[in-house]
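1. requesting a structural model of the entry that follows:
(chains A and B)
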Amino acid sequence: MSGAALYIVGGLLLLCCLLRIFLDRDSEDEFSNPLSGGADLSNGTLPDPQLSAQLFGNEDWKYVTILGSKTIEREFLRNRKKLALSWVRTVKAEAHALIGAHRAAARASADLNFLVEIRVTIAYASFLLLCIVLNAVIQIRGPVGLQALARLADSRSEQLFEIVGQFFPVALNADDNFGGMLGRRDHHE
Amino acid sequence: MKPPAEIESKAERIASARQDLRDRTLAKIGVPLERLVYLASLRDYSTGRYYHDGLAMLFSQEVAGEALQLEHAEAFDELAHAPLEVLVEQLNSYLDSLNRDHTESLRIWESVEPYRVVAPLGADGLTVRLFLSNIRIAVAILVLQQRTLPTLSGIA
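-> Down below sits the predicted model:
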């Protein structure tokens, strides 16, 4: 009996999480640029490197708390949470596009290196794991003060770009630099 | 494909147009947020093209348009990553510079949200969203300050 109750509670929690994610996605365009004509992921534009520092930093939050208005604090955290989750989705999409190009290049390659493929897989898996952790932490406690974790996710993404670029430069030159992703990486270094 | 010399001269003309715009017009606008609103207002919302008669007469419509577009992007970048506190100060200064009733201007910014169209085309989507969110919070902060200030001065 207690086992069945545990399953029901677990199922309900899962349903709540899914609903929450679904509702978050529905309302994420509240601050979208009316002139841009699309969300960040679809139009190929990528987050500015300065963006993560501002999104996950403390500076703005400290200023808001000094004001002493709970309404503004709530609104601030609600907005930043949505933006931080979008940031995670964007860096994930960026890495996903890279892996897609890498797979295409690997398929066409005559001398496929098994060890390189393992390195790429491990780097991608560790990056995705970090994104899952970051996503969960943002959902639970918000993005404020998570610069270190965001920087780690960003550096893992860079590492992935480096590994793929080292062995498959052809993949990195494909598809118009992934809409400027490589430009962003160069700028970041 | 245009020859390199022509491309270079066009780039130079755009640079000259930008300098002219800065010297004659933008230098007189002290608040960066006001500069951003001004540059956005020179854009035709249905075509996305920028128009400035004086600049177009000195250079050409095409060069003036590109110079304005670049200045707009630069003005936006300057503000998009500014701390919230700075944005609140700038919004306050901008509303003061309008020479209209501050409360009424703030009410318009709160209800009509004119800031939603000040971002340039082609700006990073997430950066635009952060900027719009920050401006919205800045408006809320100024509204709050306006409500609490009379109470505080009454107490004093």
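2. where does pLDDT dip in chain A?
-> Chain A contains residues with pLDDT under 70 at A:1-2, A:13-48, A:167-189.
3. tell me which stretches of it form helices.
-> Along chain A, the stretches classed as helices by DSSP state H are A:2-27, A:49-56, A:59-67, A:70-108, A:114-141, A:147-167, A:169-173, A:175-188.
4. would a markdown table of those with distance to chain B be doable?
-> In this view, the C-beta of every residue, glycine as well, is placed from N, C-alpha and C. Below are those laid out as a markdown table (distance: least, CB to the nearest CB, whole Å):
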| stretch | distance to chain B |
| --- | --- |
| helix A:2-27 | 12 |
| helix A:49-56 | 5 |
| helix A:59-67 | 4 |
| helix A:70-108 | 4 |
| helix A:114-141 | 14 |
| helix A:147-167 | 13 |
| helix A:169-173 | 21 |
| helix A:175-188 | 9 |
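5. for these, please prepare a markdown table with the additional fields mean neighbour count.
-> Listed next are the helices of chain A as a markdown table, based on neighbours: other CB atoms under 10 Å in any protein chain shown:
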| stretch | mean neighbour count |
| --- | --- |
| helix A:2-27 | 10 |
| helix A:49-56 | 19 |
| helix A:59-67 | 16 |
| helix A:70-108 | 18 |
| helix A:114-141 | 15 |
| helix A:147-167 | 17 |
| helix A:169-173 | 16 |
| helix A:175-188 | 15 |
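6. ok and the residue in chain B nearest chain A?
-> At 3.1 Å from chain A, residue B:125 is the closest residue in chain B, using CB to the nearest CB.
7. hang on, the earlier thing: of all the helices of chain A, which one is nearest residue B:94?
-> Ranking these by proximity to residue B:94 (CB to CB) places helix A:59-67 first, at 18.6 Å.
8. pull the residues that contact the closest one.
-> Residues from elsewhere that reach helix A:59-67, judged by CB atoms under 8 Å, 6 or more residues apart in numbering or on different chains: A:54, A:72-73, A:76, A:80, A:144-145, B:83-85, B:134, B:137, B:141, B:144.
9. write out the residues of chain B neighbouring chain A.
-> Selection of chain B residues close to chain A by CB under 8 Å from any CB of the partner chain yields B:45, B:48, B:80-81, B:83-85, B:116-117, B:119, B:121-130, B:132-134, B:136-137, B:140-141, B:144.
10. and the residues you listed, which of them are in helices?
-> B:80, B:84-85, B:125-130, B:132-134, B:136-137, B:140-141, B:144.
11. give me the PyMOL select line for these, limited to the buried ones.
-> With 16 or more other CB atoms under 10 Å in any protein chain shown as the burial test, the buried ones among these are selected in PyMOL as follows:
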select buried, chain B and resi 80+84+85+125+126+127+128+129+130+132+133+134+136+137+140+141
